[in-house]
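Student: Give me a model of this one.
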Amino acid sequence: MHFQQKLYRAADDRGEERRFCPNCGQAVTASDEFCGNCGYNLLQAAASQETTVTGASSQPQSTATTTQSTVTRPATTSRTSQVNKQPALPKWAWITIIVIAVLIGGAYLFGRNYYSRANQLDRDISALKTGKKGLAQQFTTSDPSLKLTDKTLQPLVKRFKANRQALATFQSQLRTGSMTTDGLFEYTVTGKKWLLFDKYQIKVKPLYAKLTTNRSGVQLKINGQSVGSSNSSYYEHKFGPYVPGNYQLLASGTVNGQLLQNKSTVYLHQNNQRYDLSLKTISFTVTGTPKTTVYLNGKSQGQIGSDGTLAIKETAWSSNLELTGKYKVGGTTVTSKTRKINQSDADGSVSLTFPGVMSKATASDYLTGLFTAISNYTDSGDLGDAADDDDKNLDSYFVDGTANSDYQGFMTMAKGYYKNDGVLSVDYSPSVLSVAPATKQQSQLTYDVKYDFENSKDERIQVFRYTATLEPSGDSYKIIKITPAQKIRAYTSTD
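Tutor: Next up, the predicted model:
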């Protein structure tokens, strides 16, 4: 029901017209704009009343009594709600509102950038690179049996620390797509940050693998933690779930009274991959320079004897066996080339060589050429004949050529035999005793030379021993110096 409110007037004792608030009935004066009791807008009410009266005056009225009755009967008058005038906000309130709006907008823009997919990924990669505390918060998995902690994620951290290129590839694949090409990692939304921004985590696929061994009573360990013990000659143990990464696998057991171990570092990245940790044994013979200390995977096996050999018997076999040797030259230790041991080496011989050092076979060919050139010069006395069968001149065998003092010594010796009328012929027969490494990738070649002198009376034979120091020169070698001759024996054919 709609009511229209009107101002009511009354006459006082002096004949003056009095007014009352149409809202609360409080007495008001004609000059009041608002009711002092309830705050009602009197001016607006008066304007509304005038509009009503003016409209009513345009309608036919039967009598004056009717008009008067309309004015004096408030009980039948309609009432319209009026809106009070509200005071304006102070300036400081508007400034506060603006500052708050700016702060909220700035915080939103900062959050949108900070929690963007690219920036979250960059922070996750940085955490992986350093392996910092709390790394597990960046990861998730769909397998509830895989417990993601900073410790269980260390194999992945080790993988990326050892291979920075792999980390760069990992980051690139997750930046351009949602999953790595191997299917092991996915960068996915797992929730919200501050109810506004997507929360990303690296979802890891758990991996399982199998360890096998060939003997009973073998202890199996992964990263130093025992995971099983074999009870038969063929034992298989499934382990997992694990995070992809680098793991240390170890099998240890006693074979023929000897504690054997099979240890290897693997990159676990395929599901149900089988790793063989069999405790196999292998035997072989090492050949090389006498007094060379031999190491198998860093463990000393003994020294090569004077015969140039060292027997390795019933040592534990693994697919990563590596053989090295160390030889002392004065106060310096020279390390050999690494030789990987294969199953095909079983019951055979394995040669240890040093960088820049000639082999015994090469040394034998070298001495044959050298003394062929000396023999040719001895026979003719002509310097043009001082060359080997390949026309390599004698001076080419020496560092500094003709200026080398040992070259000059050989030339003097050969020329002297040529001029000695008592010597009908001289035969030189060199034989290699050993080749040892020296410093700066040089070789120490120890050899004997049998001199067979034929004269008019008898045949005289002398054996002298030398040690020559040589250095690589292109695809051959050159003599730096030769130690003084050591007489080994001398005899005549009549003895």
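Student: longest helix in the protein, by residue count?
Tutor: Counting residues, the longest helix found in the chain (DSSP state H) is helix 91-114.
Student: quick one: average pLDDT of that helix?
Tutor: In this model, helix 91-114 has a mean pLDDT of 92.
Student: can I get the CA coordinates of the next helix-or-strand element following that helix in CSV?
Tutor: Using DSSP states H and E, the helix or strand that follows helix 91-114 in sequence is helix 117-130. Taking Å, rounded to 0.1, in the frame of the first residue of the first chain, the C-alpha atoms of helix 117-130 are listed here in CSV:
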residue,chain,number,x,y,z
ARG,A,117,54.8,-21.5,-14.9
ALA,A,118,58.2,-20.4,-16.3
ASN,A,119,59.3,-18.8,-13.0
GLN,A,120,58.2,-21.7,-10.9
LEU,A,121,60.1,-24.1,-13.2
ASP,A,122,63.3,-21.9,-12.9
ARG,A,123,63.1,-22.1,-9.1
ASP,A,124,62.6,-25.8,-9.2
ILE,A,125,65.6,-26.3,-11.6
SER,A,126,67.8,-24.1,-9.3
ALA,A,127,66.8,-26.3,-6.3
LEU,A,128,67.7,-29.5,-8.3
LYS,A,129,71.0,-28.0,-9.3
THR,A,130,72.1,-27.4,-5.7
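Student: Direction included, what does whatever helix or strand comes next after helix 117-130 pair against?
Tutor: Going down the chain from helix 117-130, the next helix or strand is strand 139-140, by DSSP H and E. Paired strands of strand 139-140, with direction, are strand 197-204 (parallel) (DSSP bridges).
Student: Report the buried residues of the strand it pairs with.
Tutor: 197, 200-204 (16 or more other Cβ atoms under 10 Å). Any C-beta I mention is one placed from the backbone N, CA and C, and that applies to glycine too.
Student: now do stretch 236-255
Tutor: In stretch 236-255, counting by 16+ other Cβ under 10 Å, buried: 237, 239-247, 249-253, 255.
Student: and what of stretch 253-273?
Tutor: Across stretch 253-273, burial judged by 16+ other Cβ under 10 Å covers 253, 255, 260, 262, 267-268.
Student: now do stretch 204-222
Tutor: In stretch 204-222, counting by 16+ other Cβ under 10 Å, buried: 204-207, 209, 211-215, 218, 220-222.
Student: circling back: want to try a markdown table for the buried residues of strand 197-204, with pLDDT and distance to residue 175 as columns?
Tutor: Below are those laid out as a markdown table (pLDDT from 0 to 100; distance: Cβ to Cβ, whole Å):
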| residue | pLDDT | distance to residue 175 |
| --- | --- | --- |
| 197 | 94 | 18 |
| 200 | 96 | 12 |
| 201 | 95 | 15 |
| 202 | 96 | 12 |
| 203 | 96 | 16 |
| 204 | 96 | 17 |
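Student: For those, give me TSV that also has distance to residue 358.
Tutor: TSV is the format used below for the buried residues of strand 197-204 (distance: Cβ to Cβ, whole Å):
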residue	distance to residue 358
197	70
200	61
201	60
202	55
203	58
204	54
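Student: Looking at those, spot the one nearest residue 135.
Tutor: Checking the buried residues of strand 197-204 against residue 135 by Cβ to Cβ gives residue 202 as the nearest, at 10.0 Å.
Student: The closest one touches residue 123, doesn't it?
Tutor: No. When contacts are counted by Cβ atoms under 8 Å, residue 202 is not listed as touching residue 123 (11.2 Å).
Student: Now do the shared contacts for the two.
Tutor: residue 138 (Cβ atoms under 8 Å, 6 or more residues apart in numbering).
Student: picking that back up, check the buried residues of stretch 204-222 and tell me the two furthest apart.
Tutor: Largest separation among those by Cβ to Cβ: 204 and 215, giving 34.5 Å.
Student: Residue ranges in the protein under the pLDDT threshold?
Tutor: For the chain, applying pLDDT under 70 flags the ranges 1-18, 48-87, 256, 494-495.
Student: quick one: residue 257 from residue 277, how far?
Tutor: 20 Å (Cβ to Cβ, to the nearest Å).
Student: what's the answer for residue 199, then?
Tutor: 41 Å.
Student: mind listing what residue 36 touches?
Tutor: Contacts of residue 36 (Cβ under 8 Å, 6+ apart): 26, 28.
Student: now swap in residue 454 and tell me
Tutor: Per Cβ under 8 Å, 6+ apart, neighbours of residue 454: 423-427.
Student: Do I have it right that residue 30 meets residue 43?
Tutor: No. Using Cβ under 8 Å, residue 30 is not in contact with residue 43; the gap is 10.8 Å.
Student: Let me see the ranges of the helices in the chain.
Tutor: 42-57, 64-71, 91-114, 117-130, 154-162, 164-176, 360-380, 405-419.
Student: who's in contact with the longest one?
Tutor: So that's helix 91-114. Here helix 91-114 has contacts from 119, 193-194, 196-197, using Cβ under 8 Å, 6+ apart.
Student: just the buried residues of stretch 204-222 now: which is nearest residue 377?
Tutor: Of these, the one sitting nearest to residue 377 (Cβ to Cβ) turns out to be residue 214, at 64.3 Å.
Student: Which residue is the nearest non-sequential neighbour of the closest one?
Tutor: Among residues not flanking residue 214 along the chain, residue 278 sits closest, at 4.0 Å (Cβ to Cβ, 6 or more residues apart in numbering).
Student: Touching, that neighbour and residue 261? I think so.
Tutor: No. The criterion here is Cβ under 8 Å, and residue 278 misses it with residue 261 at 11.7 Å.
Student: Would you mind listing the residues touching both of the two?
Tutor: residue 251.
Student: Mind naming the longest strand for the protein?
Tutor: strand 459-473 (DSSP state E).
Student: Mind listing what's buried along it?
Tutor: 460-464, 466-470, 472.
Student: swap in stretch 402-411?
Tutor: Result for stretch 402-411 [16+ other Cβ under 10 Å]: buried residues 404, 406-407, 410-411.
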